[in-house]
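Asks: no sequence on hand, only this structure:
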């Protein structure tokens, strides 16, 4: 193990995770009198709200992801380290990075630490479901989901060419949070519109798409009228929406709903996708400080952990008390573009975390961005000898897309749905993409797909995964 | 095994391979009175001349590849089957497709067969080199090469952050045919220009890029003045060019040049890439007809195999006699944008194929396109009761790119090099990309990269390959 021996005459900040929270913290610390090391195990920042568009072959990976080095190239005081965090020593103020191949393990000292390693999928105590029903957190997840969905149609056509009846085109999405709704809507768009003229023997528009939600309504964190609107829009697109449908088993080809041996139902599922649960990155527990039942780190009003004012935990990993600057917000793990958790009723195994009575900052991208900038500002204040501030989350509203020309959303008391909500969704998501080039390319792709009813990124790459797709944290 | 039982009242054509030859044959047979089944093991047609730009992170996979179904969606009489050919029965006129997962093997009957399964890497009897030195034939190859090249810089930075001296930035490209020249030039462009501001501890411009060629000059199939110009342009970019350098061993970290125990030299190579040899797809031998030493199928003047006027073999898989309509052309496996073979002198093991005294149609994309259209026309003529024609290859000239603003090429007696050749290369490659959208997106990417000195597709995806990268045919 190597210990950093460089002489630095300014405070060292280590940021773990290049998601929305981490990258915004690092950017905000750029060109200031601190030395920053940003650690992530991927070399790219992923714009997670558009990940489902990569999964369903509308966009390419490079259009929603930017190399971390490119994002931070202007900040000469920020260095990027591709590696996996294996532990922390808060007393010695050190982060340990795993060795890899020929390169030995590294110990990074810090004066300030920002942990922003995000969330991963939670399978409610059934890790074996992960292989059958992949979730959507990384580019690799998206590419694997794309492969599975497109291969259903390819296999069916192949068998039909041989004169046989192929596997049914049955897609089941578990969890009707924002990601589950997006995935179900996108499969409907693709199968019923974009692939209309692609096959000769099979009819992709005969696909059966079932969206299973354990709770009483879709988009549970949204106002009831918008949940109802979203459900109606999904039905209009041909998605079978089933609420109060508790998933009790997931196996190849089947999803079981219900516990009762008589009334339980096995739903055929050629492809099953998971949008139902999230849990915090395991790095939270590695810190050795208080975490809640979902593994989120309990932080103070300045987003630091108790007794360690030099250690910030931000983004989806943080259980931060809500001091809203905008309208109040109910804590709900489902209320998120970036932390898809829809099947909020526990189905078996460990229940998803329910918050303590205190309301928490929601696990959404805008909150992560605000937290990243806040943590950076607090470090600059401390360096300047100024006292800490209290984090206030500003809720600018929420939008969930359902499919082509369909979405729901609200800003305060204003509720919108349908075409106008979808336009707002498009505009906002293009605007927040990192980099002029990405914004431009995504606009072009969307315009092309909208005009031509063709999605261009329908490539199947890579081999079938031979090993189970294990849930993984997004960073660290 | 299933036998097709559909009643068809028009001739059935089976096309194997969706490269330039196969897809052009299938397109030319669209909207005519034949039923066509195009078989490929990938769902996309890859524009191979730009594959190196994906490997070196300038373009994204979706920008140079189109889903085969999308390309052929207007041709209602053409169906696409994703599968792997396992054999032929020329007497019974059947193609066998391997079973896969739940779907059984298929036997496709045909009235006409077009085999266009292309070429694969050849390691001169050293298949174990494949793992160390990947070649460039598929999108997966390109993504793997990208991962290896970018990880060199990431690992070096990582070790430098820990205060140690990291692995040297040594890149060795074996074979100075068009692909080897492109790869070496692109690594020089990336390391010396595009990544200039990306790292803090290491200096990517200190990369050492060595291009090894077994023969006396680079681009051996080009006129001597252009070889000299290409070599000078490579040197100007900082590439170390070594001709008459016979590679005798490839192992992790090292490439050995020379056989003599005293004078042989071990060149350090953190990453080794292979552009040195091609051999025909194994499907050629499966046909059970005459093949040449490189495994190419010997065809008649109408591109059919002797005794089987209903079986066409086209593209890189064909050893077709040259009856030039344009200037005469020396057969040389290195003379190709799509069949990179540079290290033309045999180094060990089986020598690369040398043509019989008869001159052959070169293994380049324009020849494959012309052959595809020709085969389709002959089938239509036969259906109409007309006699066969003789295939004439029209040589429209050749261009090889070296790097940003650098290329060489010739059309007949006109030799061009440098900036003007590069512009011609850009224009022609954009023009021949399939699909308006791809042309537009690639033009935008290139404009962006040219203006900003940033390549945007610098994403590392996927895990390190745990198994050797086996050479594979591009289709079938």
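Replies: In hand now; what should we look at? Remember, predicted model here, so these are calculated numbers, not experimental data.
Asks: show me the helices in chain A, by range?
Replies: Counting by DSSP state H, chain A has helices at residues A:20-28, A:51-55, A:61-64, A:68-71, A:129-132, A:139-161, A:178-189, A:224-236, A:283-286, A:365-383, A:419-432, A:436-452.
Asks: least confident of those, on average?
Replies: The weakest mean pLDDT among the helices of chain A belongs to helix A:436-452, with a mean of 75.
Asks: any chance of the helices of chain A in CSV, plus distance to chain B and mean neighbour count?
Replies: Where C-beta positions appear, they are placed from N, C-alpha and C, glycine not excepted. Listed next are these as CSV, based on distance: least, CB to the nearest CB, whole Å; neighbours: other CB atoms under 10 Å in any protein chain shown:
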stretch, distance to chain B, mean neighbour count
helix A:20-28, 13, 27
helix A:51-55, 10, 27
helix A:61-64, 4, 26
helix A:68-71, 4, 23
helix A:129-132, 15, 20
helix A:139-161, 4, 22
helix A:178-189, 16, 29
helix A:224-236, 26, 19
helix A:283-286, 19, 21
helix A:365-383, 19, 22
helix A:419-432, 15, 16
helix A:436-452, 5, 17
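Asks: among these, which comes closest to residue A:95?
Replies: helix A:283-286 (9.9 Å; CB to CB).
Asks: contacts for the closest one, please.
Replies: With contacts defined as CB atoms under 8 Å, 6 or more residues apart in numbering or on different chains, helix A:283-286 is touched by A:16, A:85, A:87-88, A:115, A:117, A:291, A:295-297, A:313, A:317, A:473, A:476.
Asks: a markdown table for these, including neighbour count and distance to chain B?
Replies: Output for those, formatted as a markdown table (neighbours: other CB atoms under 10 Å in any protein chain shown; distance: CB to the nearest CB, whole Å):
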| residue | neighbour count | distance to chain B |
| --- | --- | --- |
| A:16 | 28 | 14 |
| A:85 | 26 | 13 |
| A:87 | 15 | 16 |
| A:88 | 22 | 17 |
| A:115 | 33 | 18 |
| A:117 | 30 | 18 |
| A:291 | 19 | 29 |
| A:295 | 20 | 25 |
| A:296 | 26 | 28 |
| A:297 | 25 | 26 |
| A:313 | 32 | 23 |
| A:317 | 36 | 23 |
| A:473 | 25 | 15 |
| A:476 | 27 | 15 |
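Asks: output those residues as JSON lines; include the columns distance to residue B:48 and pLDDT.
Replies: Shown next, in JSON lines, are the contacts of helix A:283-286 (distance: CB to CB, whole Å; pLDDT from 0 to 100):
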{"residue": "A:16", "distance to residue B:48": "41", "pLDDT": "98"}
{"residue": "A:85", "distance to residue B:48": "40", "pLDDT": "97"}
{"residue": "A:87", "distance to residue B:48": "46", "pLDDT": "96"}
{"residue": "A:88", "distance to residue B:48": "48", "pLDDT": "98"}
{"residue": "A:115", "distance to residue B:48": "45", "pLDDT": "98"}
{"residue": "A:117", "distance to residue B:48": "40", "pLDDT": "97"}
{"residue": "A:291", "distance to residue B:48": "51", "pLDDT": "95"}
{"residue": "A:295", "distance to residue B:48": "47", "pLDDT": "92"}
{"residue": "A:296", "distance to residue B:48": "49", "pLDDT": "95"}
{"residue": "A:297", "distance to residue B:48": "50", "pLDDT": "97"}
{"residue": "A:313", "distance to residue B:48": "48", "pLDDT": "98"}
{"residue": "A:317", "distance to residue B:48": "44", "pLDDT": "97"}
{"residue": "A:473", "distance to residue B:48": "38", "pLDDT": "38"}
{"residue": "A:476", "distance to residue B:48": "38", "pLDDT": "36"}
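Asks: biggest separation within those, which pair?
Replies: The largest separation in these, counting by CB to CB, is between A:87 and A:296 at 18.8 Å.
Asks: right, and the helices of chain A - which one's nearest residue B:433?
Replies: Using CB to CB as the criterion, the shortest distance between residue B:433 and the helices of chain A is 14.5 Å, found for helix A:436-452.
Asks: and the angle for that closest one with helix A:419-432?
Replies: Put simply, helix A:436-452 runs at 150 degrees to helix A:419-432, going by axes from the mean of the first three to the mean of the last three CA atoms, to 10 degrees.
Asks: tell me what helix A:436-452 is packed against?
Replies: helix A:61-64, helix A:419-432, helix B:436-452 (3 or more CB pairs under 8 Å, 6 or more residues apart in numbering or on different chains; DSSP states H and E).
Asks: quick one: the helices of chain A as a markdown table, columns for distance to residue B:370 too.
Replies: Formatted as a markdown table, the helices of chain A follow (distance: least, CB to CB, whole Å):
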| stretch | distance to residue B:370 |
| --- | --- |
| helix A:20-28 | 50 |
| helix A:51-55 | 37 |
| helix A:61-64 | 33 |
| helix A:68-71 | 41 |
| helix A:129-132 | 47 |
| helix A:139-161 | 29 |
| helix A:178-189 | 39 |
| helix A:224-236 | 49 |
| helix A:283-286 | 58 |
| helix A:365-383 | 52 |
| helix A:419-432 | 43 |
| helix A:436-452 | 29 |
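Asks: any weak-confidence spans in the stretch 1-150 of chain A?
Replies: A:1-8 (pLDDT under 70).
Asks: and it, which residues reach chain B?
Replies: The stretch 1-150 of chain A comes close to chain B at residues A:2, A:4-6, A:37, A:42-44, A:60-63, A:65-67, A:69-70, A:73-74, A:76, A:78-83, A:97, A:100-104, A:106, A:108, A:139-140, A:143, A:150, as judged by CB under 8 Å from any CB of the partner chain.
Asks: which among the residues you listed count as buried?
Replies: Applying 16 or more other CB atoms under 10 Å in any protein chain shown to the residues of the stretch 1-150 of chain A next to chain B, the neighbour count classes A:2, A:4, A:37, A:42-44, A:60-63, A:65-67, A:69-70, A:73, A:78-83, A:97, A:100, A:103, A:106, A:108, A:139-140, A:143, A:150 as buried.
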